[in-house]
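Sequence below, structure please.
(2 chains)
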Amino acid sequence: MPATEETLEQVSELNEKGYAHGESYEIETEFAPLGLNEDVIRFISEKKDEPAWLLEWRLKAFRHWQKMTMPNWQKLSIEPIDYQSLCYFAAPKKKEGPKSLDEVDPEILRIYEKLGIPLKEQEFLAGVRGRGEGEGGEGGNMPVASPVAVDAVLDSVSVATTYKDVLAKEGVIFCSFSEAVKDYPDLVRKYLGTVVPPPDNFFAALNSAVFSDGSFVYIPKGVRCPMELSTYFRINAANTGQFERTLIVADEGSYVSYLEGCTAPMRDEHQLHAAVVELIALDDAEIKYSTVQNWYPGDSEGRGGVYNFVTKRGMCRGARSRIMWTQVETGSAITWKYPSCVLWGDDSQGEFYSVAITGNCQQADTGTKMIHRGKRTKSRIVAKGISSGRSDQTYRGLVKIESSARESQNFTQCDSLLIGNDCGAHTVPYIEQGNGSSKVEHEASTSKVDEARLFYCRQRGLDEEQAVALIVNGFCKEVLQTLPMEFAVEAQKLVSISLEGSVG
Amino acid sequence: MTLLKIENLRACIEDTEILKGFSLEVGKGEVHALMGPNGTGKSTLAGILAGNEDYEILEGSEVLYEGEDLLEMEVEARALAGIFMAFQYPSVLPGVGMMTFLREIVNAKRVHEGKEVMDRLAFVKEVKRLVGFVGMDEKMLKRTVNEGFSGGEKKRHEILQMMLLEPKLVVMDETDSGLDIDALKVVAEGVNGMRDGERGMLVITHYQRLLRYLEPDYVHVMVGGKIVDSGDKRLAERLEERGYEDYGL
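Numbers count the residues shown, from 1 in each chain, chains lettered A, B, ... in the order given. Below you'll find the predicted structure:
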């Protein structure tokens, strides 16, 4: 069975129990002592057998973080976080890192299998590719599922990376961050923190001090990465913060499409997730970064759920480079992030496509920043927010055209859809125009699910939930179709699932 | 056998009584035309049959469909029980692909009937056949539901859905209004093609011209919220000549 179909089936199966990924699993885990101080950071660094420069880098970030306070400009109500009661490192116990998939703890493989994340290479390698179901084929050209290389991160540690050999033939590096520090120290040192420097913001500084693992990608000059790369994040241990770091470098003229997926078990307390993602695109390089975020959102009363406070930024460093963010956000108690692009190279392009769905007591303050510095740079923002229940959403976006960015262009479109009478949607655009030759366009709309449209669908036999799912999927289509084919169908399904119980 | 029985139906919108004791029986296999001037409650009747909740139904009203109390049924339950309404103004569904929509509605019905969802290729083949029948361009299947469709295209699309869903009772709400003669023929052919001695149809129209192509078994005249005259197709012809002046209008 092709991976996509398998995943779909499992998503629908699991969903019958409410939140689809709510189980936690019994894995022998090793923890750092609770709380945060320089000793804990030394503990983490030692556990990971890191070089001295990285420990210094962490400590410097930590000392900076101690002087910082959590920002308060956001439109979110956040319970105070006691940073001393958290655990900053949890790793599945193992004697030595697995050399291949065969050596990965079968229990861990089982977790991922249950979550619908295929860590099996052989099916694809043997050429057993099935036909995935997809939209757009409309009668003929159905998309064919293609292989996806996966890096699986459980709690703080990468447990498996697939297809390494196939990728290595092309010179593509795709591995856990820890491995990269050991095997490619020069590359890591050259680029780490160049897009999001540790003092950038409160959570970035915290992450820089305690980050545990994550993914590292390097695409050499002129190489088009032969398959989708994907990291799958799973928080499992209780009382544990998750702080990954992702670093993707696309060298001149290269291309990569990368996808991250996230789930967490149901917990009564809030779990903190403060990741940092840095993307670097050199001349003529293109990075497509997609996120399907389905962290546990908390229960209907707002108990539990993940705090998703992530810093994501891409640097279009080279001329004609291009970075594209797509995010489908249905989970987390609170989502607070602004995947951004710094358009440094002349003629570079940044794009941001977002669907955020909130229900129950979820809150989201999300959007993007497009910083235009190079000449003739272009950015495009399409943000779709769907609120239901008592949830509240804010789109916050900065478009900054610096004086050097002559003849640049931005187009922004933000649409909000409300379901019910107790939810909220807000749009907060910031526009800074630094020269007279550039053009900035902003369009926004807010609407409720149209009764006549619902009635039309129901008269054709769809129940209210099916009708709302159809209408919302239509509302998001422009964004969903920017996802890689393999995940677009899954994302549609996720949209429908997350709307269940939002009507009536 | 009676398919639909409406007895003394009275309904208000914002305290204005629109239906004032409307009664009608539609038997299996019968085609009824309901005619009347504007503002006489024809579309209100169609809306109530489909389950539109904007109207207040007054006590003493009764609508039975296959012997069941229709007024107690949810909108989608009515649809799944075989009632199809061809809308006067079909909704646009932005971003929703035609094939997605058609597949969803066909599968909703099949699932309700305990059947397997339709095989993808068989479904595409069936849709393409019907698209040809109603005279739509196949390219329209790549578009989103009713978005940018002309009046005629929307109505052809309604007929296409009707033929796909094979309902037991069809309610056409002024499907012919604003149509050119070609589209009108498609609507009539669609209806005629579905006459099988079982299916009941209630064709609501403002004009007589649709009835030239579609011979109704019964013609009713509705004025002031109820039926004031009934007859066969000759009644429609008389209406064309004389208008509604015989009814005090």
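
Confirm for me that residue A:76 is in contact with residue A:332.
No - using CB atoms under 8 Å, residue A:76 makes no contact with residue A:332, being 11.2 Å away. To be clear about C-beta, it is placed using only N, CA and C from the backbone, and glycine gets the same treatment.

Quick check: closest non-adjacent residue to residue B:180.
Using CB to CB, 6 or more residues apart in numbering or on different chains and skipping the chain neighbours, the partner closest in space to residue B:180 is residue B:152 (6.1 Å).

What of residue A:229?
Nearest one to residue A:229, counting by CB to CB, 6+ apart, is residue A:258 at 4.8 Å.

what's the burial count for that neighbour?
Per other CB atoms under 10 Å in any protein chain shown, the neighbour tally for residue A:258 reads 26.

same thing with residue B:122?
Counted by other CB under 10 Å, the residues lying close to residue B:122 total 9.

do the same with the one 3 residues further on
A total of 12 residues lie near residue B:125 under the criterion other CB under 10 Å.

Right, and chain A sits closest to which residue of chain B?
residue B:95 (3.1 Å; CB to the nearest CB).

Over to the closest residue to that residue other than its chain neighbours. Which of the three states is it?
Using CB to CB, 6+ apart and skipping residues adjacent in sequence, the residue nearest residue B:95 is residue A:474, 3.1 Å away. Assigned by DSSP: H, G, I helix; E, B strand; the rest coil, the conformation of residue A:474 is helix.

mind listing what whichever residue of the stretch 351-500 of chain A sits closest to chain B touches?
Among the residues of the stretch 351-500 of chain A, residue A:474 lies nearest to chain B; the distance is 3.1 Å by CB to the nearest CB. Contact analysis of residue A:474 by CB atoms under 8 Å, 6 or more residues apart in numbering or on different chains lists B:93-96, B:144.

Can I have the buried ones of the residues you listed as a ChimeraX selection?
Selection command for ChimeraX covering only the buried members of the contacts of residue A:474, criterion 16 or more other CB atoms under 10 Å in any protein chain shown:
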select /B:93,94,95,96,144
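
Tell me the confidence at the residue nearest to residue A:229?
pLDDT for residue A:258: 92.

That one pairs with what?
Residues in a beta bridge with residue A:258, per DSSP bridges, are residue A:229, residue A:289.

ok so, going back, any figure for the gap between the residue nearest to residue B:180 and residue B:134?
Using CB to CB, to the nearest Å, residue B:152 is found at 10 Å from residue B:134.

residue ranges of the helices in the chain, please?
No chain in the question, so chain A it is. Secondary structure of chain A (DSSP state H): helices at A:3-15, A:38-47, A:52-66, A:106-114, A:122-125, A:164-169, A:177-183, A:185-191, A:202-210, A:451-459, A:464-480, A:485-499.

that's the wrong chain, I meant chain B
Under DSSP H, chain B gives helices at B:42-50, B:75-80, B:98-112, B:120-133, B:151-165, B:181-193, B:209-213, B:233-242.

and the first one with helix A:451-459, angle?
Just to be clear, that refers to helix B:42-50. Here helix B:42-50 runs at an angle of 50 degrees relative to helix A:451-459 (axes from the mean of the first three to the mean of the last three CA atoms, to 10 degrees).

re earlier: so the residue nearest to residue B:95 versus residue B:22, what's the distance?
36 Å.

hmm, back to that, so for residue B:152 and residue B:134, which residue has more residues nearby?
residue B:134 (21 against 18).

Based on its surroundings, how many neighbours for the residue nearest to the more buried one when sequence neighbours are not counted?
Excluding its sequence neighbours, the residue lying closest to residue B:134 (CB to CB, 6+ apart) is residue B:156, at 4.4 Å. Residues within reach of residue B:156, counting by other CB under 10 Å, total 25.

tell me the contacts of residue B:156?
Contacts of residue B:156 by CB under 8 Å, 6+ apart are B:134-136, B:183, B:186-187.

which of those sit farthest apart?
Spatially, the most separated pair among the contacts of residue B:156 is B:136 and B:187, at 12.7 Å (CB to CB).

Residue A:228 is in contact with residue A:150, isn't it?
No - using CB under 8 Å, residue A:228 is not in contact with residue A:150; the gap is 9.3 Å.

pLDDT score assigned to the residue of chain B closest to chain A?
90.

Am I right that it is in contact with residue A:473?
Yes - under the criterion of CB under 8 Å, residue B:95 makes contact with residue A:473 at 7.2 Å.

Compare residue B:136 and residue B:187 (neighbour count), which wins?
With neighbours defined as other CB under 10 Å, residue B:136 and residue B:187 compare such that residue B:187 has more, 25 against 20.

End to end on stretch A:403-414, go ahead and measure it.
Distance across stretch A:403-414, first residue to last, is 26 Å (CA to CA, to the nearest Å).

list the buried ones in it?
Buried positions in stretch A:403-414, judged by neighbour count with 16+ other CB under 10 Å: A:405-406, A:408-412, A:414.

now that stretch: mean pLDDT?
95.

and it, anywhere near chain B?
No - if you take CB under 8 Å from any CB of the partner chain as the test, stretch A:403-414 misses chain B, and the best it gets is 13.2 Å.

What lies in contact with that stretch?
Against stretch A:403-414 from outside (CB under 8 Å, 6+ apart): A:343, A:370, A:372-385, A:395, A:397, A:399, A:401, A:427, A:429, A:434-435, A:437-445.
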